[in-house]
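> Generate a structure from the sequence data that follows.
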Amino acid sequence: MSTQQFFFGRTYRTTLLLVLLAELASFFVYWFKFNVDLSLIFFIIIISLLFAASIKNLKYGLYVALAELFVGSQGHLFEIKLGDYELSIRIGIFLAVMFVWLIQLLRRKQYLKLWQELKQYPWLIALAVVCLWGIIFAFWRGNSLTSIFLDFNAWIYFLYLLPLLTVFRKEDLPNVLQVFAAGLTALALKTLLFLYVFSHKFSFSLDFYKWGRDTLWGEFAIINENFYRIFSQGQVFILIGVFVFLSYVFFAPNLKLKNIFTNRVVYLLTILLLTVVISLSRSFWLALILTSLVFLFLFLKQNYKQLHVLFFGTLFAAVIALTVFSGIIYFPWPKISGQFDPSSLLDDRLSLSGAGISSRWSQLPNLTNAIIKHPIIGSGWGTTVTYQSTDPRILTVNNPTGLYNTYAFEWGYLDIILKIGLLGLIVYLLFIWSIIKNYWQLWKKNTDRDERALIIGLMLGLLSLLITHGFSPYLNHPLGIGYVLLVLLIAKLINQEKNQRISDGH
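Now for the predicted structure:
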């Protein structure tokens, strides 16, 4: 399968266009203030069109759900207010797609087929049981109903596995990959656009800031006079994409130096790497470094004779990334004042101080004390911990003591242990281990070098997610859960294609 078929076909172009239009519409809704609720109107239009498209072909609804996941960060690109509750477009898409799928399941009476699919994932079934226990025990302990719902609702995202497994077929693999590539392209372009707008201090910079914050897409902070940190939780897919595309470039066929300079995947990979740097996320950087070491080990083991290609390819990517970055920061219109000092940037992010680090270390003592109460079975969803923070976002005039009570914690694995115990964490990790073993078997049996390269990339992406989760919660968030579902789906599609080739060969 060619690069064109894998990542850059018609579905890529269509998805990228629709995502960019959705971003423009979201900004339009935020920027223009009318007497009517534009957000409500756009929300209803989007969900209505999605519902109609899903009835025609449920795959369309699932493609939209995947695209929104890749670009939407916390899923509030559009939202409507229902009393005190804000219904995000992500939840709206979920309800529409799952409703159509449920109706089709009931009409076609495919219960047995669905059960046969689910039986292939016993550890996932065990995880579902543990999660159910977390709800029961939370009620038993008297945890707040609101906290239980807000804490657990991310795990409901696992239900997408039901339509994903029963709707997609082997021929849909290129479309899934192209939606993934288009989503990452749009996310990287949005990051670079925010950097350009903020660094050049446009008159509408404040509108961009409020739009990005109010849609929960990102967090922005000035580092020095002309450089801002542009961080979005959704950039974890950028990190994952780095290894998916890196592996495809360096483990796929025709690994020659001239191909590096003409491969469009290399240019996308370069922009993704630049985005990871701009995010200024220590968690991303650590995962990038550690996973890159594993990639280097695998590369030397399989392609050590092509080390010069990796060296010059990396050098080429670095030059392109530096050129793009300099072009954004020093673009002459509008004229900027002051100088960008990269040394101060590195000093800030490599130090073990700052609001993010402060918040993590402040949580740790009280979080571990809370875990000790029920270390094996957990304390249930919605369990809160109060700690004293020096984080300036918490230590304010309205909260001079810095006391903060929350059910959400930066330490991802400790968060899971607090809610569903060591038992729950072990079950979750065994489920992920079963995915890794499945991919290992697919890699050994597969003779298609493109798919073998893709398998390596997806596993390295999963490794980077596991590392990141230690310091920023993702495996208990739709973003991380969504990627786990994606690798499950792609494994199924690759396996179907392999079985079809075997059948055709006979």
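
> Please count neighbours and contacts with C-alpha atoms only from this point.
Fine.

> all helices in the stretch 401-506 of the chain, in order from the N-terminus.
Using DSSP state H, counting those that start in this stretch, the helices found in the stretch 401-506 of the chain span residues 412-445, 449-469, 478-505.

> so where's the protein uncertain?
Confidence mapping of the chain against pLDDT under 70 gives the ranges 1-5, 33-36, 225, 253-255, 332-358, 390-395, 397, 400, 497-506.

> which of the helices of the stretch 401-506 of the chain is buried the deepest?
helix 449-469 (a mean of 22; mean count of other CA atoms under 10 Å).

> Helices of the stretch 201-350 of the chain, start to end?
With DSSP H, counting those that start in this stretch as the criterion, the stretch 201-350 of the chain has helices at 205-214, 236-251, 257-262, 264-279, 282-303, 307-329, 342-350.

> So which elements touch the fourth one?
Yep, that's helix 264-279 we're talking about. On a contact count with 3 or more CA pairs under 8 Å, 6 or more residues apart in numbering; DSSP states H and E, helix 264-279 meets helix 173-199, strand 227-231, helix 236-251, helix 282-303, helix 307-329.

> And those: which comes nearest Phe152?
Checking these against Phe152 by CA to CA gives helix 236-251 as the closest, at 20.9 Å.

> Just the C-alphas of that closest one, formatted as CSV.
What follows is helix 236-251, C-alpha atoms only, in CSV (Å, rounded to 0.1, in the frame of the first residue of the first chain):
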residue,chain,number,x,y,z
VAL,A,236,-0.9,13.9,23.0
PHE,A,237,-2.0,12.7,19.6
ILE,A,238,0.8,14.8,18.0
LEU,A,239,3.2,12.9,20.2
ILE,A,240,1.7,9.6,19.2
GLY,A,241,1.7,10.6,15.6
VAL,A,242,5.4,11.4,15.7
PHE,A,243,6.2,7.7,16.3
VAL,A,244,3.5,6.4,13.9
PHE,A,245,4.9,8.5,11.0
LEU,A,246,8.6,8.1,12.1
SER,A,247,8.2,4.3,12.0
TYR,A,248,6.4,4.4,8.7
VAL,A,249,9.3,6.4,7.2
PHE,A,250,12.2,4.4,8.5
PHE,A,251,10.7,0.9,8.6
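
> Name the residues that touch that helix?
Helix 236-251 has contacts (CA atoms under 8 Å, 6 or more residues apart in numbering) with 70, 181, 184, 187-188, 255, 260, 265-266, 269, 272-273, 275-276, 284, 288, 295, 299, 303, 310, 449-450, 452-454, 456-458, 460-462, 464-465, 479.

> and if you look at stretch 150-158?
The contact list for stretch 150-158 (CA under 8 Å, 6+ apart) reads Trp381, Gly382, Tyr407, Ala408, Asn476, His477, Pro478, Ile481, Gly482, Leu485.

> try 7 Å
Residues outside stretch 150-158 that contact it (CA atoms under 7 Å, 6 or more residues apart in numbering) are Trp381, Gly382, Tyr407, Asn476, His477, Pro478, Ile481.

> what comes up buried for it?
For stretch 150-158, burial by neighbour count (16 or more other CA atoms under 10 Å) applies to Asp151, Phe152, Ala154, Trp155, Tyr157.

> So for it, first residue to last residue, what's the gap.
15 Å (CA to CA, to the nearest Å).

> Val179 versus Val64, what's the distance?
Distance of Val64 to Val179, computed by CA to CA: 9 Å.

> Compare the two (neighbour count), which wins?
Shown here are Val64 and Val179; by other CA atoms under 10 Å, Val179 has more neighbours (26 against 21).

> Can you give me the distance of the more buried one to Thr11?
For Val179 relative to Thr11 (CA to CA), the value is 7 Å.

> Kindly report the same for Ile490.
Taking CA to CA, one finds Ile490 at 17 Å from Thr11.

> Over to Leu24?
From Leu24 across to Thr11, the span is 20 Å (CA to CA).

> Compare the two (neighbour count), which wins?
For Leu24 and Thr11, the more surrounded residue by other CA under 10 Å is Thr11, and the numbers stand at 20 against 12.

> and the more buried one, what does it touch?
Applying CA under 7 Å, 6+ apart to Thr11 gives the contacts Asn175, Gln178, Val179.
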